[in-house]
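Colleague: here is a sequence together with a model predicted from it:
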Amino acid sequence: AIRMITKKLSQIALTSCVSAAATLAFAQHPQFAFDRQHQKQPSASDDQSGSLRRHSDERKREEPTAWQFGDPLPDLDAASLAAFETGHEEFESVEDLEGGLGPIFNNTSCVACHSAGATGGASDETVTRFGRLVDGVFDGFEDAGGSLLQLLAIDPGVQETVPTEATIVTRRLATPLYGAGLIEAIPDETIRTNALRRKPEGVAGRVSEIVDVTTGEVRVGRFGWKAQQATLLAFSAEAYRNELGVTNRFFPLESAPNGRTDLLEIYDQVPDIEDETDPETGLSDSDHLANFARFLAPPPPLRKSASALAGEKVFEKIECSACHTAVMYTGPNPVAALSDQPVRLFSDLLLHDMGALGDGIAQDGAQQREMRTAPLWGLRVRTSFLHDGRASSVTEAIQAHAGEAARAQQMFSSLDAVEQQQLLDYLGSN
């Protein structure tokens, strides 16, 4: 409790604690995400009816939504709602030096990069990834600090830069967290089974099998542009260390600027682990942040106009659903609001070879041209699209599709103006 009070008071003096250059740049970067407690993963036997089972309870799927962007999941129990509120406060709080900010980082709070529509959304903020090819194999400079650039620093003497040897440099947008708990609650076997369904010519897709750092178990990745994390706790803890520089029990080692561990000895004055676990609750800030994402409601769908209803047929006609699976379902879950629920995410959560649209970065088993299918719900509150934000509209994003999505892109381009607008109206209603 003393640490939390001290943290709040020290936020007032934050701008005097960092370099002037970093202060000016605070509003100009990152990528981010957050999670919480361990939760038992349902086994394959828990989901007896398969990957895309149709619930007999049509009411769950059709009733009008009564929530807004940024609200908690409807019908949360009291304990989960309290966890959401605590996480919401932490998500919006500004990290400080005493709490472990830096010495290199990309921003000072989660909400700085997750605010489109409401707290927890996406944004136009990006982070930079880089690398090179050595004898045809991707090199992410792991011995020199890794492929992620931390743009800001608590002092100019510890500023990180993109190595001059890097021949691949790309940007990544911050991703939205709406409905993240529902995505987390989709059983692994559901995603694996869905990957086996018959697809149109040229479309493959594969499951991202990763080792979850929070449990040591092999799990199906689903979070991040490369589907590099399976749980919100892992996703949050990694972002806490990578984007804010706060070490935690899952990522206990500080990011060294361009691999210079000698600089850490000079500028890293807070003992690791910086994200301490409260002995009374057993939770750390990473847990609170994870709880916020876990219990954050999905984007509220709109009532569909006649044009949007027609657009649903166009969506199927040009084979968007080959990768953007409209609905999956959660499995049994101790939290009723997450148990056996439809997840209208418009993603199969698989890795696909996107050809020229890939970001060139190999990461955690995902190859350079592979990207996770981005969920399409909540597009209407976004202003930039694709992994690097190059597209300023949904139309531009579709037209940039390549690789396994080239056929769908070609069919979209062949549509007349009316059908294209119907499709856009449909996508904007989810």
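Modeller: It's in.

Colleague: shaky segments in the stretch 51-200 of the chain?
Modeller: 51-65 (pLDDT under 70).

Colleague: quick one: the helices in it?
Modeller: Assigned by DSSP state H, counting those that start in this stretch, the helices in the stretch 51-200 of the chain fall at 58-62, 78-92, 180-184, 188-195.

Colleague: so for Pro279, which of these sits nearest?
Modeller: helix 78-92 (16.6 Å; CB to CB). Just so you know, the C-beta spots here come from the backbone N, C-alpha and C atoms, and that holds for glycine as well.

Colleague: report the buried residues of that closest one.
Modeller: Ser80, Ala83, Phe84, Thr86, Gly87, His88, Glu90, Phe91, Glu92 (16 or more other CB atoms under 10 Å).

Colleague: then stretch 353-364?
Modeller: Quick answer for stretch 353-364 (16+ other CB under 10 Å): Asp353, Met354, Leu357, Gly358, Asp359, Gly360, Ile361, Ala362, Gln363.

Colleague: ok, now which ones touch Glu95?
Modeller: Glu95 is in contact with Leu101, Thr108, Ser109, Leu244, Val246, counting by CB atoms under 8 Å, 6 or more residues apart in numbering.

Colleague: strands - which of those residues land there?
Modeller: Among the contacts of Glu95, no member falls in strands (DSSP state E).

Colleague: okay, the residues you listed in a markdown table with neighbour count and distance to Thr383 next?
Modeller: Listed next are those as a markdown table, based on neighbours: other CB atoms under 10 Å; distance: CB to CB, whole Å:
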| residue | neighbour count | distance to Thr383 |
| --- | --- | --- |
| Leu101 | 24 | 28 |
| Thr108 | 26 | 23 |
| Ser109 | 21 | 20 |
| Leu244 | 28 | 24 |
| Val246 | 26 | 29 |
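
Colleague: pull the most distant pair out of these.
Modeller: Pairwise distances across the contacts of Glu95 peak at 11.3 Å for Ser109 and Val246 (criterion: CB to CB).

Colleague: can you give me how far stretch 202-217 is from the chain middle?
Modeller: Put simply, stretch 202-217 sits 15 Å off its chain's centre (CA atoms, centre = their mean, to the nearest Å).

Colleague: what residues of it count as buried?
Modeller: Neighbour-count burial for stretch 202-217 [16+ other CB under 10 Å]: Val203, Gly205, Val207, Ser208, Ile210, Asp212, Val213, Thr214, Thr215.

Colleague: figure out the length between the terminal residues of it.
Modeller: Start to finish, the residues bounding stretch 202-217 are 32 Å apart (CA to CA, to the nearest Å).

Colleague: quick one: mean pLDDT for it?
Modeller: The pLDDT scores in stretch 202-217 average 98.

Colleague: show residues contacting it.
Modeller: Applying CB under 8 Å, 6+ apart, the external contacts of stretch 202-217 come out as 38, 41, 191-192, 195, 199, 218-222, 226-231, 233-234, 237-238, 250-251, 319, 322-323, 348, 350-353, 364-366, 372-373, 404-407.

Colleague: helix or strand: which one has Leu345?
Modeller: Leu345 belongs to no helix or strand when elements are defined using DSSP states H and E.

Colleague: secondary structure class of the residue lying closest to it once chain neighbours are set aside, three-state.
Modeller: Distances taken as CB to CB, 6 or more residues apart in numbering put Pro375 closest to Leu345, at 4.2 Å, once the chain neighbours are dropped. Applying DSSP: H, G, I helix; E, B strand; the rest coil to Pro375 yields a three-state assignment of coil.
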